[in-house]
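# Sequence first, predicted coordinates after that:
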Amino acid sequence: MDKKKLNWIYKKLFTIRFFEERIKKIAKEKTVPGYLHTCIGSEAICVGVMAALNNDDWISSTYRNHGHAIAKDCDLKKITSEIYGRKTGICKGRGGSMHISDFDRGMLGSFGIVAAGPPVVLGAALQEKINNGKKMSVSFFGDGAIHNGAFHEAAGLAQLWNIPMLFVCENNGYAEATATDWHLNTKELSDISKAYDMKSYQGNGNDVFEVYKITKEAIIESKDNEIPIFLEFKNYRFSGQYEGDTQLYQPKEEIEEAKNNDPIKLAIENSNNHGLNTEELEEIKNIALNEVNEAFEYAETQPWPDPEDALKEVYVSYPKENI
């Protein structure tokens, strides 16, 4: 891996963690109304997958989407402004925290509905195949999504139509407040892909370089053989289902044990093995922190949308006399 990509990976890891820690702070202060969901513990999956993709490849995300958006190189100030509901937000303040989207970056949508993303990405992948396109298509979802009909419809059609795409399951141990082993009726979560005779691979979702390697190889295999592939990356959700969740369903000793495999901690410990020294690491960390601080300072000062903005860029514009 060249130094430029290595620096990019570490900067994204730090940026996501610093960003989500600020989200936890504003959630506690109730600076922003509504639910906020953080992806602390999933940074390595966000960054590892995106490091294997091209800038314009297609992805879909979930309501836990900040990490995906940051790793997809969406504008940090616009992401933050969107969470604050401001006019300069990436969706002009209309989507908020759970719906960060940016078609220019290939981010087709962040969906609050569980498993809503796979059918959308299937559509993107299908049009790439029909039009002889080269873009890869990736859908992120959690372990709870595997029981949803939308996931099964997308998986079945992707295999039936020989569609190159990746189904990326972030198995963080909990579907809302239900532990994975309480709702899983197979030995391993990725066994669900066997129903469609779909290839699947598992990986350590705490190791950004393992995630990158598995994803990169899966992309090549998927494109070369025109097949969908299911990837399961296991990690742990340190925060609750939403910020403010009491997390009474997660044993405290389980959380503390999981912190031994914190993806940021592991990445720092392995930095020397990848050619980064302590000084370089600190510089990258400081740049990431400064950019996050600047993004929040920017968002807090941005204007609110005007009421009439709600009538712009909708699918149908009715004559005023009919409103």
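Yes, it's here. Quick caveat, the model's predicted, so the values are computed rather than measured.

# Now do the contacts for the residue most central in space within the chain.
With distances taken as CA atoms, centre = their mean, the chain has H68 as the residue nearest its mean C-alpha position (3.2 Å). For H68, the residues meeting the contact criterion (CB atoms under 8 Å, 6 or more residues apart in numbering) are C39, C46, M50, I59, S61, I100, M107, S110, F140. Just so you know, the C-beta spots here come from the backbone N, C-alpha and C atoms, and that holds for glycine as well.

# With A295 instead?
With contacts defined as CB under 8 Å, 6+ apart, the neighbours of A295 are F19, L76, K77, I79, T80.

# before we move on, what about I214?
Residues in contact with I214, defined by CB under 8 Å, 6+ apart, are Y201, G203, L231, F233.

# Which PyMOL command selects the buried ones in the residues you listed?
Only the buried members of these enter the following PyMOL selection, criterion being 16 or more other CB atoms under 10 Å:
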select buried, resi 201+203+231+233
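
# Using TSV, lay out the contacts of I214 together with distance to A177 and secondary structure.
Formatted as TSV, the contacts of I214 follow (distance: CB to CB, whole Å; DSSP: H, G, I helix; E, B strand; the rest coil):
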residue	distance to A177	secondary structure
Y201	28	strand
G203	25	strand
L231	25	strand
F233	21	strand
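
# Among the contacts of I214, which one lies nearest to T15?
Within these, proximity to T15 (CB to CB) peaks at F233, which comes in at 19.6 Å.

# now the closest residue to M1 other than its chain neighbours: how far from Y212?
Setting aside the residues directly before and after it, M1 is nearest to H274 in space (CB to CB, 6 or more residues apart in numbering), at 7.2 Å. Computed with CB to CB, to the nearest Å, the distance linking H274 and Y212 is 11 Å.

# And F14, by the same measure?
Computed with CB to CB, the distance linking F14 and Y212 is 16 Å.

# more crowded one of the two?
For F14 against Y212, the residue with the higher neighbour count under other CB atoms under 10 Å is F14, and the figures read 24 against 21.

# tell me the contacts of the closest residue to Y84 other than its chain neighbours?
If the residues on either side of it in the chain are set aside, Y84 comes closest to A299, at 4.5 Å by CB to CB, 6+ apart. A299 makes contacts with K77, T80, S81, I83, Y84, R86, T88, as judged by CB under 8 Å, 6+ apart.

# where does A299 land on pLDDT?
If you check A299, the pLDDT there is 97.

# Helix, strand or coil: sort out N206 for me.
coil (DSSP: H, G, I helix; E, B strand; the rest coil).

# Surely it touches P263?
Yes. With contact taken as CB atoms under 8 Å, N206 and P263 are classed as touching, separated by 4.5 Å.
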